[in-house]
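Undergrad: with the sequence up front, the predicted model follows.
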Amino acid sequence: MLQNPADTNYFYAAERDLVNVAGTTQTMAGALALTAHFNLISTCANAGDGVALPAATIGSVCVLVNAGVAAAQVWPCNTENDTIDGGAADVVDANSLAVGATRFYYATSATNWKTITF
């Protein structure tokens, strides 16, 4: 388990992205598209800055750690009509990712992500 956002030795380089700057438009279209399984949001300067999950595929995971100074919005993939926790397609996660929080997203179908926040 990742105890400290700065301690990234747990992850193989091909599976992680450690320098993510959240999109600042506070919209799905402007959210930073994530491509790795493990993602450190290193910069989230304003509440509502956001990231977008990869397209859901059954069994895939995406872990986010917010090391920014503001809560981040998390959007589903903006090209796939994906959902988060069974919500409406292409709608932001109802729970923003708090500063210092870690959230685990796992795909239960080809269009839905479920969440666990640590």
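TA: Thanks, I have it.
Undergrad: what sits against V63?
TA: Counting by CB atoms under 8 Å, 6 or more residues apart in numbering, V63 makes contact with 2, 37-39, 102-105. Glycine gets a C-beta too; all of them are placed from N, C-alpha and C.
Undergrad: change it to 6 Å
TA: Taking CB atoms under 6 Å, 6 or more residues apart in numbering, we find V63 in contact with 38, 104.
Undergrad: residues in a beta bridge with it, which ones?
TA: Per DSSP bridges, the residues bridged to V63 are F38, F104.
Undergrad: before we move on, what about V21?
TA: Note on V21: beta-bridge partners by DSSP bridges are T43.
Undergrad: what do you get for A33?
TA: Under the criterion DSSP bridges, A33 forms beta bridges with A52.
Undergrad: ok, it - how many residues close by?
TA: A33 sits with 14 neighbouring residues when counted by other CB atoms under 10 Å.
Undergrad: show me the strands in the protein, by range?
TA: 16-21, 32-33, 38-43, 50-52, 61-66, 73-75, 83-84, 102-107, 112-117 (DSSP state E).
Undergrad: weakest of these by average pLDDT?
TA: Lowest mean pLDDT of those: strand 16-21, a mean of 63.
Undergrad: if we can go back for a sec, out of the strands of the chain, the one nearest S96 is which?
TA: strand 73-75 (5.5 Å; CB to CB).
Undergrad: that closest one pairs with which strands?
TA: Neighbouring strands of strand 73-75 in its sheet, by DSSP bridges, are strand 50-52 (parallel).
Undergrad: got a list of contacts for the partner strand?
TA: For strand 50-52, contacts defined as CB under 6 Å, 6+ apart pick out 22-23, 31-34, 72-75, 77-78.
Undergrad: got a PyMOL select line for the buried ones in the residues you listed?
TA: To isolate the buried ones among those in PyMOL, judged by 16 or more other CB atoms under 10 Å, type:
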select buried, resi 22+23+31+32+34+72+73+74+75+77+78
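Undergrad: which one among the contacts of strand 50-52 gets closest to T57?
TA: If you rank the contacts of strand 50-52 by distance to T57 using CB to CB, C77 comes first, at 10.2 Å.
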